[in-house]
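[1] Here is my input, please return the structure:
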Amino acid sequence: PKVLRERSLEEAVATAAGLARRGSVVLLSPAYKSFDMFRDFEDRGNQFKDLVRRRFAA
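    Numbers count the residues shown, from 1 in each chain. Now for the predicted structure:
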């Protein structure tokens, strides 16, 4: 598996979208604390899902 580091969640989703192929799985696996970027882990996950949904909305 390929491991990449990005500066923001938006950049990470954009990079993943460029690399993913139909049927691929993109896993959000934070390796470090997000400090003040999100309210909590649920907020981070919800923002990830929202970014993915907006990028791939039909």
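[2] For the rest of this, base every contact and every neighbour count on C-alpha atoms.
    OK.
[3] Output the contacting helices and strands for whichever helix or strand residue 52 is part of.
    Assigned by DSSP states H and E, residue 52 falls within helix 41-55. The contact analysis (3 or more Cα pairs under 8 Å, 6 or more residues apart in numbering; DSSP states H and E) places helix 41-55 against helix 9-19.
[4] outside of the helix it packs on, which residues touch it?
    5-6, 26, 48, 51-52 (Cα atoms under 8 Å, 6 or more residues apart in numbering).
[5] cool, and stretch 21-32?
    Taking Cα under 8 Å, 6+ apart as the rule, stretch 21-32 contacts 16, 20, 45, 48.
[6] Let's see that with 7 Å instead.
    Under the criterion Cα atoms under 7 Å, 6 or more residues apart in numbering, residues residue 16 lie in contact with stretch 21-32.
[7] and that stretch, what's its mean pLDDT?
    Per-residue pLDDT values over stretch 21-32 give a mean of 82.
[8] same thing with stretch 2-13?
    87.
[9] Likewise for stretch 35-48?
    Mean pLDDT, stretch 35-48: 89.
[10] Is it possible to get JSON lines of the contacts of helix 9-19 that adds distance to residue 40 and neighbour count?
    Shown next, in JSON lines, are the contacts of helix 9-19 (distance: Cα to Cα, whole Å; neighbours: other Cα atoms under 10 Å):
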{"residue": "5", "distance to residue 40": "20", "neighbour count": "10"}
{"residue": "6", "distance to residue 40": "19", "neighbour count": "11"}
{"residue": "26", "distance to residue 40": "21", "neighbour count": "13"}
{"residue": "48", "distance to residue 40": "13", "neighbour count": "16"}
{"residue": "51", "distance to residue 40": "17", "neighbour count": "17"}
{"residue": "52", "distance to residue 40": "19", "neighbour count": "17"}
